[in-house]
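J.: Build the 3D model from these lines:
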Amino acid sequence: MWAIDLADRVTLEAAPTGIAITCDAPDVPVTEDNLAWRAADLVRRETGAMKGVRIHIAKAIPVAAGLGGGSSDAAAVLVGLGRLWGVRLPGPRVQALATLLGMDVPFFLGPSPALASGRGEVLHPLAMRQTIPLVVANPGVPLATREVYGALGPADFSDGGRVEALAQAGRAGIAAVAAHLVNGLERAASRLWSGLGEVKAALLEAGCLGAVMSGSGPTVIGVAASAAAARRVVTRLHRQPWRLWVARTVAGPALTATVTGPRALGRRR
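T.: Next up, the predicted model:
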């Protein structure tokens, strides 16, 4: 798991009572279905704080894209709300709350990159400072995580050796990372959406050194030789009906939180 600099921005503001969410993306729920709302509710229940919060999410990460946007927003609330309300939870307890919200959430509370095991909640930080230039391609096709996992077959599972090889390649440079890209969910996602291979092939043809689906998809990440090369790829693909970004990996804290007056902000993925 490796954070990138395509980021939402979560703003927390104190309120007398209740949990209220607003978002600038119309397809994001602003009710109890939102992971950020559930994170705030968990903190309130855990601490007994008789306070409220207004949460605003400025979306940059596409929704249901396999990029961990909702999970990282929830992690931002876990961190920011403790500061806003002046309550302190032990680190292990915060991690436990994060796991209750989802297996991706604990990653955003720690350093990037990390090798995940178990169900994704057991994290081993990797000492890699390399910055990898990326092209992020989101085709806008809805792929439900539950359905992708449901499409897995026995042949899709492995002993984890290819993922460990990718983690090792991170120390050897960009070309080595590109050569070891792997996502065990790709074949399952392809059974639900046949266009995945087309997106990967287009990124490679446009100049990426390698391409791989992110998370449960449908977003595809292309590894570029440089930031300039990533920009050239985006220019070459401008006629495609996809959303495209030039991005880069981030080493260090996966989440950035700041305090400004009565507000607490944060989030990076």
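
J.: Before we move on, what's the pLDDT of residue 215?
T.: Residue 215 carries a pLDDT score of 94 in this model.

J.: In contact with it, which residues?
T.: For residue 215, the contacting residues are 65-68, 104, 145, 183, 185, by C-beta atoms under 8 Å, 6 or more residues apart in numbering. C-beta coordinates here come from the backbone N, C-alpha and C atoms, glycine included.

J.: Return the subset of the residues you listed lying in helices.
T.: Applying DSSP state H to the contacts of residue 215, the entries found in helices are residue 145.

J.: show me what contacts residue 21?
T.: Counting by C-beta under 8 Å, 6+ apart, residue 21 touches 30-31, 34, 36-37, 54-57.

J.: swap in residue 136?
T.: Counting by C-beta under 8 Å, 6+ apart, residue 136 touches 4, 6, 67, 214, 219-222, 244-247.

J.: Show me where the protein dips below the pLDDT cut-off.
T.: Screening the chain residue by residue with the criterion pLDDT under 70, one finds the ranges 261-269.

J.: Would you map the helices across it?
T.: In chain order, the chain shows helices spanning 35-47, 69-85, 91-101, 145-150, 161-169, 174-179, 186-192, 196-205, 227-236, with DSSP H as the criterion.

J.: Tell me which of the ones you listed sits nearest to residue 124.
T.: The stretch from the helices of the chain with the least distance to residue 124 (C-beta to C-beta) is helix 161-169; that distance is 8.7 Å.

J.: buried set for that closest one?
T.: Within helix 161-169, the residues that count as buried by 16 or more other C-beta atoms under 10 Å are 163, 166-167, 169.

J.: could I get these as CSV with distance to residue 230?
T.: Putting the buried residues of helix 161-169 into CSV (distance: C-beta to C-beta, whole Å) gives the following:
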residue, distance to residue 230
163, 24
166, 20
167, 22
169, 19
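
J.: I figured residue 177 hits residue 132, correct?
T.: Yes - applying C-beta atoms under 8 Å as the test, residue 177 and residue 132 come out as touching, 5.9 Å apart.

J.: Check the contact lists of those two and give me the overlap.
T.: Contacts common to residue 177 and residue 132, judged by C-beta under 8 Å, 6+ apart, are residue 223.

J.: Residue 259: how many residues sit nearby?
T.: For residue 259, the neighbour count with other C-beta atoms under 10 Å is 13.

J.: that older thread, tell me the buried residues within the contacts of residue 215.
T.: The neighbour-count test (16+ other C-beta under 10 Å) marks 65-68, 104, 183, 185 as buried among the contacts of residue 215.

J.: and the residues you listed as TSV, adding distance to residue 49?
T.: Rendered in TSV, the data for the buried ones among the contacts of residue 215 read as follows (distance: C-beta to C-beta, whole Å):
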residue	distance to residue 49
65	33
66	33
67	31
68	27
104	25
183	40
185	38
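
J.: Which ones among the residues you listed lie within strands?
T.: Secondary structure assignment (DSSP state E) places none of the buried ones among the contacts of residue 215 within strands.

J.: got CSV for the contacts of residue 215, with distance to residue 11 too?
T.: Rendered in CSV, the data for the contacts of residue 215 read as follows (distance: C-beta to C-beta, whole Å):
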residue, distance to residue 11
65, 22
66, 25
67, 20
68, 19
104, 21
145, 26
183, 32
185, 32
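
J.: Identify, from the contacts of residue 215, the entry nearest to residue 173.
T.: For residue 173, the nearest member of those is residue 183. The distance, counting by C-beta to C-beta, is 20.5 Å.

J.: what residues are up against that closest one?
T.: Contact analysis of residue 183 by C-beta under 8 Å, 6+ apart lists 212-215.

J.: now swap in residue 207 and tell me
T.: With contacts taken as C-beta under 8 Å, 6+ apart, residue 207 has the following neighbours: 224, 229, 232-233, 236.
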